[in-house]
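> Only the shape, not the letters, is given here:
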């Protein structure tokens with residue numbers, strides 16, 4: 001017999017067997033007749049931390065670096081190209097920082113001596129440059145005091161790397177006393193690496209402080225505002241909550257460096273600059289110029305939460321510095337101020353205008369309460385020291401504000417002795433919500449889709465507060481936001497959704513990263529001074545959050561949850577508001593997979609909508625050049641009575657939506 005004929009028959013038989021087997025394996029059943037549990041409105045949220053220049057130089061739209069001369073090296077970010085600190089500079093001039101006070105929050109100002117106005121320049125470099133766009137307007141404000149001489153004008157110019165002027169304006173200083181001045185520049189070109197050059201007309205001595213520059217086109221057009229494109233990406237996620245301000249930044253490397261929310265509210269110019277704890281954390285990405293102006297402070301976080309429709313979730317220090325750094329502890333007999341900070345924050349958010357902290361909020365422009373429901377005690381702490389402190393916070397908060405839900409934590413790892421100890425002790429305390437973190441390889445996320453299947457339904461609810469698949473290793477500078485990481489997270493997320501009875505909040509971390517200023521990878525959204533884009537991980541989050549539904553349904557294969565059998569993962573919900581059934585199916589196989597889906601207990605439209613995310617390969621990524629390479633694509637499919645036959649593409653995340661009659 002012909003060998004080729006035998007080979008063809010064998011291959012045909014294998015194909016038929018494969019098709020038959022696939023059809024047999026992927027008979028899925030959805031029970032739409034009963035709701036297992038409600039999906040929490042907070043199910044999918046966002047985690048914000050000022051890492052990777054996410055605040056100053058990122059979300060916070062200030063363009064001047066070190067605007068108040070308060071960095072550790074007070075002239076950092078400023079340059080005088082025609083001056084020499086070791087000369088008298090008769091042909092130019094020199095700037096010196098005056099430390100006028102060690103009290104309060106604003107300690108320094110800049111005194112400029114202009115010996116020859118034709119030769120003197122003061123230039124601010126911005127955050128890895130300043131991103132300006134042609135024909136857009138930029139609002140400048142500053143404080144100045146004319147000390148001596150005949151200085152008649154201060155000139156401000158955008159310049160590029162060749163010192164070409166790309167827009168200019170000026171102010172006329174009129175007083176020897178500190179006075180506020182403002183002006184507006186219009187950019188004549190688009191430039192990612194612009195700088196701001198300051199020159200003078202006339203000679204003499206002048207003091208400068210709080211030199212600030214914002215695009216006029218901020219989110220909601222606010223002064224001291226946020227970068228519009230980045231907030232839009234957050235808004236589009238439809239997040240259930242916004243966690244802030246972190247992250248390890250809550251704890252600080254030392255207790256002195258911890259985030260203190262009271263220093264981040266009130267007048268912007270009165271907020272004390274602090275070193276950012278990520279500035280020298282990693283030897284592979286040092287950022288000695290990374291400080292916090294706190295222009296983006298707790299008031300702005302609450303306001304942002306409101307803007308994007310998210311429930312605010314602030315996390316506060318529990319009196320423990322980062323245990324990966326110094327691990328400093330405040331003694332138990334000195335913990336009261338930390339506890340008071342938590343109580344005062346609740347008053348700041350929710351108190352009437354007659355209360356002390358409610359009045360501070362009202363004076364900042366928001367008399368209406370922010371409707372705070374959650375507060376986190378500690379970030380990633382572990383061990384007996386944490387439990388001891390948590391008990392004190394819990395008692396004080398519940399005594400005064402019994403309706404506030406308290407978030408506790410089990411440390412930085414999803415297993416091991418820290419985790420086991422923390423969970424055991426928090427269960428004893430009847431903790432309400434426990435924050436779990438996991439940064440693991442993609443395979444871990446696929447293998448752990450059943451993680452919450454065995455969690456005690458009567459125990460604490462879960463906040464999956466920080467997670468991201470690591471393509472190389474945790475904290476590796478070589479991690480990528482590739483497609484394998486994203487669809488593996490999606491597989492895990494179906495497991496969290498299937499266990500919505502236990503899992504009440506989830507958030508990917510970190511959220512934002514500057515292309516040139518990052519310390520940590522991977523990250524959900526990348527930006528430079530002009531552009532931003534969502535990674536495949538962003539679009540996975542968006543797909544789940546935009547289709548979270550209201551009620552969890554059962555989806556099974558052979559009576560069992562779909563948790564990786566035949567490389568498929570699935571969850572199902574219905575949305576009583578839109579009257580839709582919504583399935584999320586993740587195919588982690590290299591092959592297309594056909595599934596027959598039988599819907600029980602619902603009358604369906606004759607067609608549905610599929611929203612699909614897929615990459616051509618495991619290592620595919622989005623980029624500034626191809627920002628939507630992996631992004632959702634919509635299509636229609638037929639519904640035959642109560643059944644759907646659907647081909648799920650290889651390496652894909654698919655949402656199927658069907659209207660109910």
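Looks like it came in fine. These numbers come from a predicted model, not from an experiment.
> Residue ranges in this structure under the pLDDT threshold?
1-24 (pLDDT under 70).
> try it again with 90
The chain contains residues with pLDDT under 90 at 1-25, 100-107.
> first vs last residue of stretch 259-271, how far apart are they?
12 Å (CA to CA, to the nearest Å).
> Tell me which residues of it come out buried.
259, 260, 261, 263, 264, 265, 266, 268, 269, 271 (16 or more other CB atoms under 10 Å). C-beta coordinates here come from the backbone N, C-alpha and C atoms, glycine included.
> Same question for stretch 81-100.
Buried residues in stretch 81-100 (16+ other CB under 10 Å): 83, 89, 92, 93, 94, 95, 97.
> what does stretch 168-187 give?
Those buried within stretch 168-187 under the rule 16+ other CB under 10 Å are 168, 169, 170, 171, 173, 181, 183, 185, 186, 187.
> from these, which ones fall inside helices?
Among the buried residues of stretch 168-187, no member falls in helices (DSSP state H).
> if we can go back for a sec, and which of the buried residues of stretch 259-271 is nearest residue 621?
Using CB to CB, residue 259 is the member of the buried residues of stretch 259-271 that lies nearest residue 621, at 32.0 Å.
> Is residue 316 in contact with residue 341, as I believe?
Yes - in this structure, residue 316 is within contact of residue 341 by CB atoms under 8 Å, at 6.1 Å.
> What strand or helix carries the residue lying closest to residue 482 once chain neighbours are set aside?
Nearest residue to residue 482, sequence neighbours excluded (CB to CB, 6 or more residues apart in numbering): residue 619, at 4.9 Å. For residue 619, there is no helix or strand it lies in under DSSP states H and E.
> Give me the common contacts of residue 316 and residue 341.
The contact sets of residue 316 and residue 341 overlap at residue 261 (CB atoms under 8 Å, 6 or more residues apart in numbering).
> who's more crowded, those two?
Taking neighbours as other CB atoms under 10 Å, residue 316 and residue 341 compare with residue 316 leading, 22 against 15.
> how about that one, what does it touch?
Residue 316 neighbours (CB under 8 Å, 6+ apart): 250, 261, 338, 341, 342, 345, 375, 376, 377, 378.
> If you tally nearby residues, what's the number for the spatially closest residue to the first one that is not a sequence neighbour?
What it means is residue 250. In this structure, residue 250 finds its nearest non-sequential neighbour in residue 379, 4.4 Å apart by CB to CB, 6+ apart. Residue 379 is flanked by 31 other residues according to other CB under 10 Å.
> so residue 379, which of the three states?
With DSSP: H, G, I helix; E, B strand; the rest coil as the basis, residue 379 sits in coil.
> Would you map the strands across the stretch 1-150 of the chain?
All strands of the stretch 1-150 of the chain, identified by DSSP state E, counting those that start in this stretch, fall at 27-31, 37-38, 46-47, 78-79, 93-99, 108-114, 122-124, 130-132, 137-149.
> actually the stretch 151-300 of the chain, not the one I typed
Counting by DSSP E, counting those that start in this stretch, the strands of the stretch 151-300 of the chain are 153-159, 165-171, 179-186, 191-201, 204-215, 241-244, 274-275, 291-292.
> which strands and helices sit next to the longest one?
Which is strand 204-215. Packing contacts for strand 204-215, counted by 3 or more CB pairs under 8 Å, 6 or more residues apart in numbering; DSSP states H and E, involve strand 108-114, strand 137-149, strand 191-201.
> Adding mean neighbour count and distance to residue 312, write those out as a markdown table.
Listed next are the helices and strands packed on strand 204-215 as a markdown table, based on neighbours: other CB atoms under 10 Å; distance: least, CB to CB, whole Å:
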| stretch | mean neighbour count | distance to residue 312 |
| --- | --- | --- |
| strand 108-114 | 21 | 33 |
| strand 137-149 | 18 | 28 |
| strand 191-201 | 20 | 33 |
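> And residue 158, how far from residue 81?
16 Å (CB to CB, to the nearest Å).
> Just send the helices and strands packed on strand 204-215 back as JSON lines, with distance to residue 228 too.
Shown next, in JSON lines, are those (distance: least, CB to CB, whole Å):
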{"stretch": "strand 108-114", "distance to residue 228": "30"}
{"stretch": "strand 137-149", "distance to residue 228": "13"}
{"stretch": "strand 191-201", "distance to residue 228": "16"}
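> Please identify which of the ones you listed is closest to residue 422.
strand 108-114 (43.0 Å).
> Direction included, what does the closest one pair against?
Counting by DSSP bridges, the strands paired with strand 108-114 are strand 93-99 (antiparallel), strand 204-215 (antiparallel).
> how about those strands, which one is nearest residue 331?
strand 93-99 (32.2 Å).
> how much does that closest one deviate in direction from strand 191-201?
Note on geometry: by axes from the mean of the first three to the mean of the last three CA atoms, to 10 degrees, strand 93-99 and strand 191-201 are set 100 degrees apart in direction.
> residues in contact with strand 93-99?
69, 74-75, 78, 80, 83, 85, 107-117, 119-120, 122, 203, 207.
> Confirm that residue 443 sits in a helix.
Yes - per three-state DSSP, residue 443 lies within a helix segment.
> who's in contact with it?
residue 488.
> ok, residues contacting stretch 245-256?
47-51, 258-259, 261, 264, 276-278, 298, 301, 314-317, 319-326, 328, 330, 378-381, 466, 509-510.
> Among the residues you listed, which lie within helices?
Those of the contacts of stretch 245-256 lying in helices (DSSP H): 298, 301.
> ok now do residue 91, which residues does it touch?
Counted by CB under 8 Å, 6+ apart, residue 91 has contacts 82, 115, 116, 119.
> Over to it: give its phi and psi.
phi -90, psi 0 (degrees, to the nearest 10).
> that older thread, closest one to residue 195 among the strands of the stretch 1-150 of the chain?
Nearest to residue 195 among those is strand 122-124; the distance by CB to CB comes to 5.3 Å.
> What is the distance between the closest one and the centre of its chain?
31 Å (CA atoms, centre = their mean, to the nearest Å).
> Residue 456: what's it in contact with?
427, 502.
> returning to that earlier point: can you tell me which of the buried residues of stretch 81-100 comes closest to residue 474?
Proximity of the buried residues of stretch 81-100 to residue 474 (CB to CB) peaks at residue 97, which lies at 39.8 Å.
> Tell me what the closest one is bridged to.
residue 110.
> Against residue 292, how distant is it?
19 Å.
> Same check on residue 91?
With CB to CB as the criterion, residue 91 and residue 292 are 38 Å apart.
> And residue 354, by the same measure?
32 Å.
> Of the two, which one has the most company?
residue 292 (24 against 8).
> list the contacts for the more buried one?
50, 55, 56, 273, 274, 275, 276.
> Out of those residues, which comes closest to residue 571?
residue 50 (33.0 Å).
> That closest one reaches residue 56, doesn't it?
Yes - using CB under 8 Å, residue 50 is in contact with residue 56, at 7.5 Å.
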